[in-house]
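Trainee: please work out how this folds:
(chains A and B)
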Amino acid sequence: MLVGLYTLMGLGLNLEVGFAGLLDLGFVAFFAIGAYTVGLLTSTGQYGVAHWSFWAAVPVALVVSLIAGFLFGLPILRIRGDYLAIATLGFGEIIRLLALSDALRPWFGGSQGILAVPKPNIGGFEFSGPMQIFYITLVSSAFIAFVAARLRDSRLGRAWMAMREDEDVAEAMGINLINVKLLAYGIGGAFAGMGGAIFAALLGSIFPHSFNLLISINVLALIIVGGMGSLPGVVVGSLFLVGLPELLREFSDFRFLVYGAALIIMMQVKPAGLWPAAAVRRELLKEEPVGAVTEGPVAERAEA
Amino acid sequence: MGILASQQLTKRFGGLIALSELDLDVAERSIHSIIGPNGAGKTTYFNCVTGFYRAEEGRTFFNTQPIDTLTPDKITQLGIARTYQNIRLFANMTCLENILVGMHPHLKSSWMGAILSTPATRQDEAQAHEEAIRLLQFVGQRGKGDYLARNLPYGEQRRLEVARALASRPKLLLLDEPTAGMNPRESMDTMAFIRRLRDELGITILLIEHNMRVVMGISEIITVLDFGQKIAEGTPDQVRNDPRVIEAYLGTRRGVAGVGA
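Mentor: Numbering: from 1, shown residues only, chains lettered A, B, ... in the order given. Okay, the predicted model is just below:
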C-alpha cells in the first residue's frame, strides 16, 4: 500500500529531479495539498465543505496541485543547484505549518486534522479496506507511469533533460526555461497530489503531522536508489525503501542503522541505481547501438 | 546593414571593458572571422549577440530587428545558432536527442498532445526524427544516433554540436573556435565543412578562430579585436599586412609567423 503511494510520489519527483534536474526537498507539500483537497471536498465531518464523492474530488485535487506547482515554481525560477534545494525545503515546511497553524484552523482543522473522510465507492461497492484501496493505487500508478513515459519521450521531456544537462545551452536552443520549469513543477506536483488524494481516502483522516520532511527525503532517496530518471527504477526504489525496513525488523533498535548502511553500500556498488534509465543502461552493457539509417537527400533545406 | 549589425556595442565587467564601442557588420551569406589575442572580447561578443550577456551600450540588429533585449531562446527562434569554445553538448543524452532538442523551436507538439499521443504529435515527432537522422548524415555521423554524446570522440563531438546548431534552422551560425584541438588534417576537413554550410545551406557564418591557416583560408572578411576594440577589418590580405594587427600579435612569435603564413 505504502509502496504504491511512494511510487506515485516518486514518479512525480522523478519528473522534477530525474528528468528536469530540479532538486526539490519540499515535495511532500504537493502530497499534502492533494490530501487536503480531497479531505475538504469529501469529508462528512465539521471541516467538509462539499460532501463530494471521492471520484469528483480527485480531478480537482489534481488540478489544485498542478496550480500549486506552477505557483510554487514562480518565485524559484532563477534559483539553481544547492540554493534551489534550500528554497524548496522551505516551501515544504510552509505548507505543513500552514495546515498546522491556528490562524487557518477554522478551515483546515489545525493539529486536529480533518476527520471522517469517506471511502471511495462505485455503484454500491465500497473500497473500504487497505486491500481495496490498494487497487486504486495500483491503477493510478500504472496510469501515471504511462503519462510519465509519454512525457519523457516527447518534446517537453527532451527539453527537461536538456535543461538538466546544461541550463544555459538549453535556453540557447530556443527552449523557454520558464514554461518548461513550471510544467515540471506543475505536472510533478499533480502526480504527488494524486498520491495525497488516495492517502486521504485510505486513512479516512488527515493530520498535518503526516506531511513531514522525512517523506520528501524518502521520496528523493527512492529515486536515487532506483535510478535517476528511470521509471521502473521508481517502482524498484519504493519497493526497496519501504520493504527493506520491514525485512530488517529483526535488528529491532539497530534497524535504521543497518538501513543506512545498506543505502551507503548500494550507492557504492550501483551508483546508477538498481534500474538505471535506458540510455545509461545501454552504455553500461556496452550494447552495440542500433543506428537508424534512412536514405535521403542531404538536408532538404539545401535547396531552400 | 548586413544580416547582423552591431553599433557602438560596449560591455563592461566591473571596471574591465570587454567590448568598447564595437561596430561590426556581417554581410549575408558571407564567411566572416573574428580574430584577436586572448581576452580581446571575441567570445564576449558572441555572448552579447546570443543574449547570454546584456551589453551596457550600443545596439545589435539581426535582419534589421533589434535583439538587445531579447532572451537567448527568442534570439535562437529568430535564426541565430551557435557552438561553444569548450564543447557543450547534452552529455548524457544520445546524439539523436541532442539534435532533436535543437529542433525544439520548430516542433509544435504540446504536452497534452504528447500524453494523448495525438496524430498531429506523432506526425510531428516522426518528421523530426527523419530530419535529425538526415542531419546526422550531413555531419558524417550516420548510425551514431543512439550513442551518448559524451562517448563520441572529440572531433565528432564538435561536429555533433554543429549538427545540433543546424537543427534550429539558423540563418546565421556563430562558431567559437571550431578547429580548436584539431590536427592540421582535421582542420582542413572542418574548413571544407564550413564552406559547405554556406554554399549548400546558405547560412551566414561568423567564426572565432585562432588557427591562422584556417582563418586566412576560409574568411572573406576578417575583423581583428584587441582589448575589446576593433583594430582592423578587411580581406585576409589586407589584415595580414596591417601594421596594427602585426603589432597586436607581436608578443608571440608564432602569432607573427602565423599571420605571415
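
Trainee: just confirm residue B:10 is within a strand.
Mentor: Yes: counting by DSSP: H, G, I helix; E, B strand; the rest coil, residue B:10 is part of a strand.

Trainee: surely it and residue B:60 touch.
Mentor: No: in this structure, residue B:10 is not within contact of residue B:60 by Cβ atoms under 8 Å, at 11.6 Å. The way it works is simple: take the backbone N, C-alpha and C, and place the C-beta from them, glycine included.

Trainee: identify the residues contacting residue B:221.
Mentor: By Cβ atoms under 8 Å, 6 or more residues apart in numbering or on different chains, residue B:221 lies in contact with B:26, B:27, B:30, B:31, B:32, B:33, B:233, B:234, B:235.

Trainee: now the residue nearest the centre of chain B: closest residue in space that isn't a chain neighbour?
Mentor: Residue closest to the mean C-alpha point of chain B, counted by Cα atoms, centre = their mean, is residue B:174 at 1.8 Å. Excluding the flanking residues, the one nearest residue B:174 by Cβ to Cβ, 6 or more residues apart in numbering or on different chains is residue B:82, at 3.9 Å.

Trainee: tell me, how many residues neighbour the one you found?
Mentor: Neighbours of residue B:82 under the rule other Cβ atoms under 10 Å in any protein chain shown: 25.

Trainee: what of residue B:66?
Mentor: 10.

Trainee: may I have the phi/psi pair for it?
Mentor: When read as degrees, to the nearest 10, the backbone of residue B:66 gives phi -70, psi 140.

Trainee: measure it to residue B:114 for me?
Mentor: 35 Å (Cβ to Cβ, to the nearest Å).

Trainee: what of residue B:201?
Mentor: Residue B:201 is 30 Å from residue B:114, by Cβ to Cβ.

Trainee: now swap in residue A:100 and tell me
Mentor: Applying Cβ to Cβ to residue A:100 and residue B:114 gives a distance of 38 Å.

Trainee: who's more crowded, those two?
Mentor: Neighbour tally, residue A:100 and residue B:114, criterion other Cβ under 10 Å: the higher count belongs to residue B:114, 22 against 18.

Trainee: next, count neighbours for the residue nearest to that one when sequence neighbours are not counted.
Mentor: Nearest residue to residue B:114, sequence neighbours excluded (Cβ to Cβ, 6+ apart): residue A:154, at 3.3 Å. Neighbourhood size, residue A:154 [other Cβ under 10 Å]: 22.

Trainee: for residue A:154, list the residues it contacts.
Mentor: Contacts of residue A:154 by Cβ under 8 Å, 6+ apart are B:109, B:111, B:114, B:121, B:125.

Trainee: alpha carbons of the helix or strand harbouring the fourth one, as CSV, please.
Mentor: Element membership for residue B:121 (DSSP states H and E) is helix B:119-138. Taking C-alpha atoms only, helix B:119-138 is exported to CSV below (Å, rounded to 0.1, in the frame of the first residue of the first chain):
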residue,chain,number,x,y,z
PRO,B,119,-1.9,12.0,-34.6
ALA,B,120,-0.6,15.5,-35.0
THR,B,121,2.0,14.9,-32.3
ARG,B,122,3.0,11.5,-33.8
GLN,B,123,3.5,13.0,-37.2
ASP,B,124,5.5,15.9,-35.8
GLU,B,125,7.8,13.5,-34.0
ALA,B,126,8.2,11.2,-37.0
GLN,B,127,9.2,14.1,-39.2
ALA,B,128,11.6,15.4,-36.5
HIS,B,129,13.3,12.0,-36.3
GLU,B,130,13.7,11.9,-40.0
GLU,B,131,15.2,15.3,-40.2
ALA,B,132,17.5,14.5,-37.2
ILE,B,133,18.8,11.4,-39.0
ARG,B,134,19.4,13.5,-42.1
LEU,B,135,21.4,16.0,-40.1
LEU,B,136,23.5,13.2,-38.6
GLN,B,137,24.3,12.0,-42.1
PHE,B,138,25.1,15.5,-43.1
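
Trainee: for chain A, what spans make up the helices?
Mentor: Secondary structure of chain A (DSSP state H): helices at A:2-13, A:28-42, A:54-73, A:81-100, A:105-108, A:130-152, A:155-165, A:167-172, A:177-203, A:213-226, A:231-247, A:255-269, A:278-285.

Trainee: now do the SS call for residue B:34.
Mentor: Residue B:34 - assigned by three-state DSSP - is strand.

Trainee: next up, the contacts around it.
Mentor: Applying Cβ under 8 Å, 6+ apart, we find residue B:34 in contact with B:24, B:42, B:45, B:206, B:207, B:208, B:222, B:223, B:224, B:225.

Trainee: so how far is chain A from the second one?
Mentor: Separation of residue B:42 from chain A (Cβ to the nearest Cβ, to the nearest Å): 17 Å.

Trainee: for the fifth one, same thing?
Mentor: Distance from residue B:207 to chain A, counting by Cβ to the nearest Cβ: 17 Å.

Trainee: now that residue. Its backbone dihedrals?
Mentor: Residue B:207 adopts backbone torsions of phi -130, psi 150, taken as degrees, to the nearest 10.
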